[in-house]
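Asks: Turn this into a structure:
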Amino acid sequence: MAQVVITFRIMPEGPDTNLEAIEKKASKIIAEFGGEVGKSEKVPVAFGISSLNLIFIMDESIGSTETLEKDISGIEGVNSVEVVDVRRAVG
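Replies: Below you'll find the model as predicted:
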């Protein structure tokens, strides 16, 4: 099976939310799911709020990321999680 590169956009509850703590917890959840986080970015959105974008690789045979999104949504301080990009890694 091929690998897929997925980008999650994690929106915090507010501008004072600790994105580093969310990143650590989300990365651990992704690793337990079978993925490997390669890069994280803080992207300014508006009114002092930044989103946390996590880019990770997983085997496409694992299937849907729906349960993963639900688990990350349960982290304290997380308002929402959405998949913003999915690419199949070739080679």
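
Asks: got the residue ranges for the strands in this structure?
Replies: 3-12, 36-46, 49-59, 78-89 (DSSP state E).

Asks: Any chance of CSV for those, columns distance to Ser27 and mean pLDDT?
Replies: In this view, the C-beta of every residue, glycine as well, is placed from N, C-alpha and C. Compiled in CSV, the strands of the chain are given as follows (distance: least, CB to CB, whole Å; pLDDT from 0 to 100):
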stretch, distance to Ser27, mean pLDDT
strand 3-12, 11, 96
strand 36-46, 5, 94
strand 49-59, 7, 96
strand 78-89, 13, 94
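
Asks: Can you lay out the ones you listed as a markdown table showing distance to Asn18 and mean neighbour count?
Replies: Listed next are the strands of the chain as a markdown table, based on distance: least, CB to CB, whole Å; neighbours: other CB atoms under 10 Å:
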| stretch | distance to Asn18 | mean neighbour count |
| --- | --- | --- |
| strand 3-12 | 8 | 19 |
| strand 36-46 | 12 | 12 |
| strand 49-59 | 10 | 18 |
| strand 78-89 | 11 | 13 |
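
Asks: how about JSON lines for those strands, with distance to Ala21 added?
Replies: What follows is the strands of the chain, written out as JSON lines (distance: least, CB to CB, whole Å):
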{"stretch": "strand 3-12", "distance to Ala21": "10"}
{"stretch": "strand 36-46", "distance to Ala21": "13"}
{"stretch": "strand 49-59", "distance to Ala21": "10"}
{"stretch": "strand 78-89", "distance to Ala21": "10"}
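
Asks: Pull out the buried residues from the longest helix belonging to the chain.
Replies: Longest helix in the chain by number of residues (criterion: DSSP state H): helix 19-33. Buried residues in helix 19-33, counted by 16 or more other CB atoms under 10 Å: Leu19, Ile22, Glu23, Lys25, Ala26, Ser27, Ile30.

Asks: Likewise for stretch 60-78?
Replies: Thr65, Leu68, Glu69, Asp71, Ile72, Ile75, Val78.

Asks: And for the second one, nearest residue in space, chain neighbours not counted?
Replies: Think Leu68. Phe33 (4.9 Å; CB to CB, 6 or more residues apart in numbering).
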